[in-house]
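Asks: Okay, predicted coordinates and the sequence, questions at the end:
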Amino acid sequence: MLYLLQVKLGALVGLLCLTLFFGFIPARVKWFRDTNGTEIHRTVLSLISCFAGGVFLSACLLDIIPDYLSDMNAELEARMVEPGFPLPEFIMAAGFFMVLILERMVMSCRHTGGSQAERAPLLQANEHGHGHGHGHGTATSRDLESSGHHIHVDLQAHSSFRSFMLFLSLSLHSLFEGLAIGLQRTDSKVLEICIAILVHKSIIVFSLSVKLVQSAVRPLWVVAYIGVFAVMSPLGIGIGISVMEAQLASGTLIQAVLEGLAAGTFVYITFMEILPHELNSPERQLLKVLFILLGFSVMAALSFLG
């Protein structure tokens, strides 16, 4: 039993250190934060962002949603509850609409209470297009943004809120991953799950950091987000160890409901922010789709092997 505890504590430290390392690469390296570089530099940043979008799409469809549905259905079956209604999917939809309503409220307050200068980015593009370097400053690209592609500019205006919700949903999922480690009863299973999470989370935190530094989030807050995100899995391990000692009866049900809300949040962020953010700009559409597919394929391969 003591050896099992030592293995769990080792997994806790390993997850914390590696997550911080991979998360701070985009956050601290100036190359990732520079949006006014050459065209090649902007293109590479855009393709990295597309790769991250593919990673999040895969995490959404192949990891977060299946894990939640499996846990929730198992919990309902264990309690012998047959709601006669798609309750797990309803909880996930509640998470989706929760973010949608909150975001619309934030945007409504910003429009009614903000000054004209605060709303200016919604109405006109700057000299570098989107502010992320996706445009080239030409009249053609500005015309596209002001007509069929104005949504891309609008996303930039409130991307800090969506970045926070992305961080929150991933942090909750990360907490539950750590909880899975803390609840294991054999050291071999702890090591198996820990290695899978280490690989998975390293790519996720790198992608999250890329998205944060390319949004309106201040550098200090990016560091704070990554630091908190890195702590979530170790915190989950600690909670799992405590739950094993306390033997809480309703702990798994509470976890399943929270996981469902987080899944709905992640669905919203993936399909309303991450993918449209790149695909609504007209440049290099096919190449961007290929990099989204590459990010998806990498995570799908890891899921298949794991």
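Replies: Okay, I see it. Numbers count the residues shown, from 1 in each chain.

Asks: what residue ranges in this structure score low on pLDDT?
Replies: When residues are selected by pLDDT under 70, those of the chain lie in 1, 33-37, 110-159, 183-184, 216, 243-251, 306.

Asks: All the strands of it, residue numbers only.
Replies: Assigned strands in the chain: none (criterion: DSSP state E).

Asks: from the chain's centre, how far out does stretch 3-15 sit?
Replies: Its chain's average C-alpha position is 25 Å from that of stretch 3-15, according to CA atoms, centre = their mean, to the nearest Å.

Asks: List the buried residues in it.
Replies: Residues of stretch 3-15 classed as buried: 4, 7, 8, 11, 12, 14, 15 (neighbour count, 16 or more other CB atoms under 10 Å). The way it works is simple: take the backbone N, C-alpha and C, and place the C-beta from them, glycine included.

Asks: Stretch 53-63 now?
Replies: With burial defined by 16+ other CB under 10 Å, the residues of stretch 53-63 counted as buried are 53, 54, 55, 56, 57, 58, 59, 60, 62, 63.

Asks: distance of the first one from residue 190?
Replies: Residue 53 sits 32 Å away from residue 190, going by CB to CB, to the nearest Å.

Asks: which residues of the stretch 201-306 of the chain fall in helices?
Replies: With DSSP state H, counting those that start in this stretch, the ranges of helices along the stretch 201-306 of the chain come out as 219-246, 251-269, 275-279, 285-305.

Asks: Name the stretch among these that sits most buried.
Replies: Highest mean neighbour count of those: helix 251-269, a mean of 22 (counted as mean count of other CB atoms under 10 Å).

Asks: what's the nearest residue to residue 238 if we skip its chain neighbours?
Replies: What sits nearest to residue 238 in space, not counting adjacent residues and going by CB to CB, 6 or more residues apart in numbering, is residue 182, at 6.6 Å.

Asks: no, scratch that, I was asking about residue 31
Replies: Once flanking residues are discounted, residue 31 sits nearest to residue 41: 7.7 Å by CB to CB, 6+ apart.
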